[in-house]
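> only geometry, no sequence info:
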């Protein structure tokens, strides 16, 4: 977190410096003069936005994973993009890239069989697998 704080301070300092250069040096060269109170308001807005993004970023980075990726093996997910053979599934509220030997349509349920790096290997759930095999054999 310390690196994030240092990065945020440096970034905010550079943003404020750029804003002041434009308002107090570049615009006057073009005969555009900005009243001091507008400069103060713009600086306050810049600092407010920087503080907000710092707080949100720090909060996001400090959260621990609710579950490790390895623990989703055996879970059930829902297909969010058609598979042929790759697609995306939503498992426990997170979107994962996945692969399957069957063609799958959006909304079908799949069982997470294993992980290959950060890609899930999935199979249709038992009922959907039976339906797909029946369709493949023309039953």
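Happy to help now that I have it. This one's a predicted model, so the numbers in the text were calculated from it and none came from an experiment.

> chain center to the top helix by length along the chain, what's the gap?
Scanning the chain for the helix with the most residues, using DSSP state H, yields helix 36-62. Here helix 36-62 shows a centroid-to-chain-centroid distance of 22 Å under the convention CA atoms, centre = their mean, to the nearest Å.

> now stretch 28-48
34 Å.

> Now do the buried residues in that stretch.
42, 46 (16 or more other CB atoms under 10 Å). The C-beta positions use only the backbone N, C-alpha and C, and glycine is treated the same way.

> Just the residues contacting that stretch, thanks.
12, 15-16, 19-20, 23-24, 27 (CB atoms under 8 Å, 6 or more residues apart in numbering).

> Buried residues of stretch 97-106, list them for me.
Applying 16+ other CB under 10 Å to stretch 97-106 flags 98, 100, 102, 104 as buried.

> contact partners of stretch 55-66?
Looking at what lies outside stretch 55-66 - CB under 8 Å, 6+ apart - the contacts are 1, 4-5, 8, 92.

> Filter these down to just the ones in helices.
4-5, 8.

> Include distance to residue 83 when you put those into JSON lines, please.
Output for the ones in helices among the contacts of stretch 55-66, formatted as JSON lines (distance: CB to CB, whole Å):
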{"residue": "4", "distance to residue 83": "37"}
{"residue": "5", "distance to residue 83": "43"}
{"residue": "8", "distance to residue 83": "41"}
